[in-house]
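Asker: Need a 3D model of the following:
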Amino acid sequence: MKNRFKKVNVFLVALFLAFISFTACSNDDTDEVNDSTIEDGDTLVTELHAAYSAFNTDAVTIFLDGSKVVIETTGLPNHETVYWGEGNDLYREEDDVSRTPSIMSSNNNATSISVDATPNLSGNTVSTDFNTIGIAVSGSSIFNDQEGGGPLDAAAASLDWTGAHIGPGVYNYHLEPVAFSDDDENLVGILLDGVFLYGRKCNSSGGYPSDLDTSGGHTTITQYTDGEEEYHYHIINEIYSTTGSYLAFAGPYQGY
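Answerer: Numbering: from 1, shown residues only. Coordinates of the predicted model:
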């Protein structure tokens, strides 16, 4: 009888050790899969930047994906404009605007971008391109200083009171979006290189920054960095061409 118990005990011990070994191997495999989702040189980010809390949640969905931040938006702004079209609650009459199609009758406004959670400020610069160069806190796109392959001047008559219009396809800002940033330090949006864009004034000084680089960027604290310095862009405090307003962003990007 004792021998029988000994055999049973030995068998149970062997089974237990096999289970531990299998579990350890399974955990190692899981870690390997998780690590493989992060590209070499990238860092897994577990918390969204505080500035994303300023975005219009009725239009914008923001989530982390490894070292990237994904921003998905309906493209529909939360402020008045003539481009909503008559009958809409947010319609604003603007007789002096040479209107392109309304927001609701234009092409699909929905836009999705993916940006680095930690911008690569290695000194490389990249020029902006046509179409969406960033997403504003309102949920609509930010465009550069070009329109239809040429200077913005040709399309200036179609810009509404907040420096935006439809074209191509989506409602987008070219100029300082005074609906939510009017000669102040407010957050304007996030650009494709993962760098935030603010209004003409600086949170750290309360005035217009005098140390901006060629992209309109510098490194100081902002209202979302809890006292830590961070590189970010500002709308440059210079009237753009014949528009009578300030260009939102011309580039080049600094964060690629």
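
Asker: what's the neighbour count on Asp211?
Answerer: By the criterion of other C-beta atoms under 10 Å, Asp211 has 10 neighbours. Yep, even glycine has a C-beta here, placed from its N, CA and C like the rest.

Asker: Going forward, count from 58.
Answerer: I'll keep to 58 as the first residue from here, and by that count the last item is Asp268.

Asker: In which helix or strand does it reside?
Answerer: Per DSSP states H and E, Asp268 falls between elements, in no helix or strand.

Asker: Run through the bridge partners of the nearest residue to it once chain neighbours are set aside.
Answerer: Using C-beta to C-beta, 6 or more residues apart in numbering and skipping the chain neighbours, the partner closest in space to Asp268 is His275 (5.0 Å). Note on His275: beta-bridge partners His289, judged by DSSP bridges.

Asker: Quick check: His275 touching Ser262?
Answerer: No. Using C-beta atoms under 8 Å as the test, His275 is too far from Ser262 to be in contact (10.6 Å).

Asker: Which of the two has more residues huddled nearby?
Answerer: Taking neighbours as other C-beta under 10 Å, His275 and Ser262 compare with His275 leading, 18 against 13.

Asker: wait, what's in contact with that one?
Answerer: Neighbouring residues of His275 by C-beta atoms under 8 Å, 6 or more residues apart in numbering: 259, 266, 268-269, 288-289, 291.

Asker: Also Ala221?
Answerer: 134, 138, 140, 197, 228-232, 234.

Asker: mind running it again at 10 Å?
Answerer: By C-beta atoms under 10 Å, 6 or more residues apart in numbering, Ala221 lies in contact with 134, 136, 138, 140, 193, 195, 197-200, 215, 227-232, 234, 236, 305.

Asker: got it, and Thr279?
Answerer: So Thr279 contacts 107-108, 242, 244, 253, 255, 259-261, 285-287, 289 (C-beta under 10 Å, 6+ apart).

Asker: hang on, isn't Ser215 packed against Gly224?
Answerer: Yes. Counting by C-beta atoms under 10 Å, Ser215 touches Gly224, with 7.2 Å between them.

Asker: Need the residues touching each of those two.
Answerer: 157, 204, 231.

Asker: residues near Val183, how many?
Answerer: 13.

Asker: swap in Thr138?
Answerer: Using other C-beta under 10 Å, Thr138 has 24 other residues around it.

Asker: how near is it to Gly246?
Answerer: When distance is defined by C-beta to C-beta, to the nearest Å, Thr138 is 16 Å away from Gly246.

Asker: Next: Asn201.
Answerer: Plainly put, Asn201 is 13 Å away from Gly246 if you go by C-beta to C-beta.

Asker: Likewise for Arg257?
Answerer: 14 Å.

Asker: These two: which is more packed in?
Answerer: When neighbours are counted by other C-beta under 10 Å, Arg257 and Gly246 differ, and Gly246 comes out ahead with 29 against 22.

Asker: Quick check: beta-bridge partners of that one?
Answerer: Counting by DSSP bridges, the residues bridging with Gly246 are Ala193, Leu254.

Asker: shared neighbours of Asn201 and Gly246, anything?
Answerer: Here Asn201 and Gly246 have 190-191, 305-306 as joint contacts, going by C-beta under 10 Å, 6+ apart.

Asker: Nothing else from me, thank you.
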